[in-house]
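Peer 1: please find the sequence and the predicted model below.
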Amino acid sequence: MRGGTVAVVGGSIAGCAFASAAVKAGAGEVVVLERTGGRLADRGVGLCVHDDRAAELVAAGALPPGIPAHRLERRRWVVRDASEGPGGRLVWEQPFPFHSYHWGLLWRGLRAAVPGAVDYRQGVAVEGVDGLGDGAGVRLGGGGFERFDLVVGADGYRSVVREAVSPGASPHYAGYVCWRGNVDAALVEGLEGAPSHPGAVTTVCFPGGSCVIYRIPGPEGPRVNWVLYAAPPQGAGLRFDDPTSFPPGALGGELAGHLRALLEREFPEYWGRALALTAPADTFVQPIYDLVTEPAAAGRLVLAGDAASVVRPHNTSGAAKALQDATAFGAAWARAGSWEELVAGYQAARGAAGRELVALARRLGRAQVERTPPWAQMSAADVAGWWQAQLAGAAGIGGQAMSS
């Protein structure tokens with residue numbers, strides 16, 4: 001199947017990957033419509049990709065080579081224990097075969113790989129999408145309307161394309177939030193008592209939450225990225241019924257104060273001081289949501305990444321899943337003889353993936369935030385058994401292998 005017009009709503013990681021896949025598959029015209037008018041490359045959040053997933057994606061051409069990444073090898077679970085020193089007490093250690101990325105640098109590599117034939121438009125708001133039987137229409141801010149043979153919704157967890165595929169489907173608040181931030185690695189390593197584990201992910205465990213800390217590459221040198229999961233302060237009047245977030249620099253006094261209290265009360269001394277070095281401009285809060293959209297495609301509309309399924313971050317699978325979606329899209333196109341066969345093939349390949357990832361992430365969220373075990377009282381064997389119970393037969397975190 002050659003030719004045709006494709007619109008990709010959203011120009012971040014999933015959007016760039018789908019635009020590249022559509023051109024390689026034979027689309028005649030590909031347009032990317034990205035709401036943000038600023039520099040997406042400035043987004044500094046960290047993320048990880050499992051080594052096996054990365055190898056598959058590189059082989060498929062979905063993950064361009066040469067993007068800066070930091071190798072991770074093991075995950076260390078620690079609890080506050082002053083008698084063990086400022087770094088806390090190690091309760092368990094496990095292999096962790098991942099590479100970490102800076103979101104902006106990963107996006108920059110994917111954006112650079114998008115073929116020049118793609119019409120990538122920034123600052124374009126899509127207000128809605130209409131199925132037209134033999135195509136799809138995109139309603140733009142200001143009253144504009146454009147028609148395409150196929151529309152891909154790569155517009156994140158607040159997707160407007162999702163509303164056309166599955167009306168009324170909206171992410172559900174999980175009951176807790178994550179504070180996120182990153183700080184210059186040199187500042188963290190300069191603190192007294194710094195542990196010498198550059199290839200390790202440290203998970204600080206405490207009653208009612210946990211925090212994952214690891215190094216990432218940065219535009220100006222290595223940084224330490226952290227994600228702290230816990231319930232928000234009670235009585236703060238915060239409502240998370242609708243998907244929302246508090247962007248960098250917009251952290252209110254109530255949330256900032258609650259974060260400081262958690263660091264002082266629950267964290268080993270070193271890690272509390274390390275995270276407290278994070279500048280307000282590099283700190284934000286992301287309420288945790290999840291959602292499985294059924295189906296992930298309908299008519300001439302296809303959902304990708306977070307638009308298709310909102311997975312709690314505990315899986316460490318978001319970027320890999322978005323790139324796998326794009327890979328499956330390209331493979332479905334290669335086998336299809338019509339737009340209908342393309343959409344059906346994509347749904348068959350990716351429909352179950354989001355459902356399984358959401359289920360695993362819910363189990364991990366309950367175990368690591370909502371119903372935390374008495375980590376400080378557990379042996380290494382106890383923690384290993386607890387971990388396997390959360391996986392419930394899954395091979396591990398980081399996403400699933402692509403089906404052939």
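Peer 2: On my side now, so go ahead. Everything quoted here is computed from the prediction, not taken from an experiment.

Peer 1: show me where this structure has helices.
Peer 2: If you assign secondary structure with DSSP state H, the helices in the chain sit at 13-25, 51-60, 103-113, 160-165, 185-189, 253-266, 269-276, 318-335, 339-365, 380-391.

Peer 1: can you give me the end-to-end span of stretch 238-245?
Peer 2: Here the two ends of stretch 238-245 are set 11 Å apart, with distance taken as CA to CA, to the nearest Å.

Peer 1: residues of it that come out buried?
Peer 2: By 16 or more other CB atoms under 10 Å, the buried positions in stretch 238-245 come out as 238, 240, 243, 245. Just so you know, the C-beta spots here come from the backbone N, C-alpha and C atoms, and that holds for glycine as well.

Peer 1: wait, what's in contact with the third one?
Peer 2: When the contact criterion is CB atoms under 8 Å, 6 or more residues apart in numbering, the partners of Pro243 are 157-158, 170-171, 287, 289.

Peer 1: one more: Gly330?
Peer 2: 21-22, 24-25, 60.

Peer 1: mean pLDDT and distance to Gly85 added to the helices of the chain, as JSON lines?
Peer 2: Shown next, in JSON lines, are the helices of the chain (pLDDT from 0 to 100; distance: least, CB to CB, whole Å):
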{"stretch": "helix 13-25", "mean pLDDT": "98", "distance to Gly85": "39"}
{"stretch": "helix 51-60", "mean pLDDT": "96", "distance to Gly85": "31"}
{"stretch": "helix 103-113", "mean pLDDT": "96", "distance to Gly85": "33"}
{"stretch": "helix 160-165", "mean pLDDT": "94", "distance to Gly85": "48"}
{"stretch": "helix 185-189", "mean pLDDT": "94", "distance to Gly85": "16"}
{"stretch": "helix 253-266", "mean pLDDT": "92", "distance to Gly85": "17"}
{"stretch": "helix 269-276", "mean pLDDT": "96", "distance to Gly85": "8"}
{"stretch": "helix 318-335", "mean pLDDT": "96", "distance to Gly85": "34"}
{"stretch": "helix 339-365", "mean pLDDT": "93", "distance to Gly85": "29"}
{"stretch": "helix 380-391", "mean pLDDT": "97", "distance to Gly85": "18"}
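
Peer 1: His70 is nearest to which of those helices?
Peer 2: For the helices of the chain, distance to His70 was read as CB to CB. The smallest value, 9.6 Å, belongs to helix 185-189.

Peer 1: separation between the nearest residue to Ala334 once chain neighbours are set aside and Ala326?
Peer 2: Counting by CB to CB, 6 or more residues apart in numbering, Ala334 lies nearest to Ala25, which is 6.3 Å off, once chain neighbours are set aside. Computed with CB to CB, to the nearest Å, the distance linking Ala25 and Ala326 is 10 Å.

Peer 1: got it, and Asn182?
Peer 2: Per CB to CB, Asn182 is found 26 Å from Ala326.

Peer 1: still on that earlier bit, how far away is the residue nearest to Ala334 from Val311?
Peer 2: Using CB to CB, we find Ala25 at a distance of 26 Å from Val311.

Peer 1: same drill for these two, tell me which one is more crowded.
Peer 2: When neighbours are counted by other CB atoms under 10 Å, Val311 comes out ahead of the other of Ala25 and Val311, with 28 against 20.

Peer 1: would you agree the more buried one is in contact with Arg362?
Peer 2: No: the criterion here is CB atoms under 8 Å, and Val311 misses it with Arg362 at 9.1 Å.

Peer 1: which residues do those two both contact?
Peer 2: Both Val311 and Arg362 are contacted by Asp290, under the criterion CB under 8 Å, 6+ apart.

Peer 1: mind listing the strands for the stretch 51-200 of the chain?
Peer 2: Across the stretch 51-200 of the chain, reading from the start of the chain, the strands by DSSP state E, counting those that start in this stretch fall at 70-79, 89-102, 119-122, 126-131, 136-140, 145-148, 150-153, 172-184, 200-206.

Peer 1: give me the number of neighbouring residues for Phe206.
Peer 2: Considering only other CB under 10 Å, Phe206 is surrounded by 19 other residues.

Peer 1: wait, what's in contact with the residue nearest to it when sequence neighbours are not counted?
Peer 2: Distances taken as CB to CB, 6+ apart place Glu266 nearest to Phe206, at 3.7 Å, with adjacent residues excluded. Contacts here follow CB under 8 Å, 6+ apart; on that basis Glu266 touches 80, 204, 206-207, 209.
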